[in-house]
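> Fold the following.
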Amino acid sequence: MSVADRLNSIKETIPASVTLVAVSKTHPVETLLQAYHAGQRHFGENKVQELTSKVPLMPKDAVWHMIGHLQSNKVKYIAPFINLIHGVDSFKLLQVINKEALKNNRIIDCLLQVHIAAETTKFGFLEEEIISMFKNEACPQLKNIRICGLMGMATFTNNQEQVQQEFRGLKGLFDRIKAVYFNDDESFKILSMGMSDDYLIAIEEGSTLVRVGSAIFGAREYY
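Residues are numbered from 1 along each chain as shown. This next block holds a predicted model:
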C-alpha cells in the first residue's frame, strides 16, 4: 500500500471532529510530500533538528506539531514557526517557551503533558503539579503562550483495558481543568491522546487529536 492509501484508510476510521497528526519523524521529506499531496496538513516531529530541517522543504501551509520531549535550550529554534507544542512537562519549560515566543512576537499554543502511563520513562506532569502550577501567581503572567489542552501517552501494553482506563483518567482530568480554569476560554479544547496502536481506543475515550505515524508511513526510516 502507498502512503496515500494508508493515510486514506486511517482517515476513514477517524471522525471529522478529531484532528489527525501524521507523525513523520525519521521519514524523508519525499515521503511527507506523498501524505501532503493526499491531503494531509498536520505533521508531528519529535526532534528539533529534524523538524527545523524539514520545514523549509515543505509547502508553507503545512501545520507543525512538536510532539517529543523538548529541552529548554532547543525552544529558540522552533519558536518562530511551530504551531503546537505537545510535550510541555514543566512550568520552567512553559516560561522558556513564553520568553522565546515574546522574542518572535508570537503567541505559541501549548499542551500540558500528563504522566498517565505505568512506565517511569515517560515524561509529564502529575495532576497535583498542574493544579499547583495554575495556582502559581506567575502563571497568568505568561502572555505569549496559550494553553490549549492536555496530552498523554498510555502504557505500551497489549492490555487494552489498562490503556482505556489511562485515557479515561486523562479525559476526566481534562474536563476538571476545563471547568475550573478554562470555563470561558474556547482555546482550551485539545485532548491529544492516541497513537498508531491505540488511537481508536483514545477516540472512544474522548480524544480530539491523534498522533499516527507507522500506520501511515510504515516502519521508521533511520537516515
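> Let's check: the centremost residue of this structure is which one?
The geometric centre of the chain, computed from its C-alpha atoms, lies nearest to His86 (C-alpha atoms, centre = their mean), at 3.4 Å.
> Around Val163, count how many other residues there are.
For Val163, the neighbour count with other C-beta atoms under 10 Å is 23. (Glycine included, C-beta is placed from N, CA and C.)
> Would you enumerate the residues in contact with it?
Val163 makes contact with Ala154, Thr155, Thr157, Asp198, Ile201, according to C-beta atoms under 8 Å, 6 or more residues apart in numbering.
> ok so, going back, is the residue nearest to the centre of the chain in a helix, a strand, or coil?
Put simply, His86 is strand when judged by DSSP: H, G, I helix; E, B strand; the rest coil.
> End to end on stretch 10-25, go ahead and measure it.
Stretch 10-25 has an end-to-end distance of 18 Å (C-alpha to C-alpha, to the nearest Å).
> what's it in contact with?
With C-beta under 8 Å, 6+ apart as the criterion, stretch 10-25 contacts 7, 31-32, 35, 40, 42-47, 50, 54, 65, 67-68, 190, 192, 195-196, 199-200, 203, 207-217, 220.
> can we see that at 7 Å?
32, 35, 40, 42-47, 50, 65, 67, 200, 203, 207-213, 215-217 (C-beta atoms under 7 Å, 6 or more residues apart in numbering).
> List buried members of the residues you listed by neighbour count.
32, 35, 40, 42-47, 50, 65, 67, 203, 207-213, 215-217 (16 or more other C-beta atoms under 10 Å).
> where are the low-confidence patches of this structure?
The chain contains residues with pLDDT under 70 at 121, 220-223.
> Could you pull out the helices in this structure for me?
Assigned by DSSP state H, the chain shows helices spanning 3-11, 29-37, 48-54, 75-78, 91-103, 127-135, 160-181, 199-204, 214-217.
> In a markdown table: the contacts of Val163, plus distance to Ile130 and neighbour count.
Below are the contacts of Val163 laid out as a markdown table (distance: C-beta to C-beta, whole Å; neighbours: other C-beta atoms under 10 Å):
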| residue | distance to Ile130 | neighbour count |
| --- | --- | --- |
| Ala154 | 18 | 28 |
| Thr155 | 20 | 15 |
| Thr157 | 24 | 15 |
| Asp198 | 23 | 23 |
| Ile201 | 23 | 19 |
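> Quick one: these as CSV, columns for distance to Ala117 too.
CSV is the format used below for the contacts of Val163 (distance: C-beta to C-beta, whole Å):
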residue, distance to Ala117
Ala154, 6
Thr155, 4
Thr157, 9
Asp198, 11
Ile201, 14
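> From these, pick the one nearest Gly169.
Among the contacts of Val163, Ala154 lies closest to Gly169 (C-beta to C-beta), at 9.9 Å.
> Could you measure from that closest one over to Ile216?
Ala154 sits 19 Å away from Ile216, going by C-beta to C-beta, to the nearest Å.
> re earlier: nearest to Lys143, of the helices of the chain?
helix 91-103 (7.4 Å).
> And the closest one, what's buried?
Neighbour count says helix 91-103 has Phe91, Leu93, Leu94, Gln95, Val96, Ile97, Asn98, Lys99, Glu100, Ala101, Leu102 buried, by 16+ other C-beta under 10 Å.
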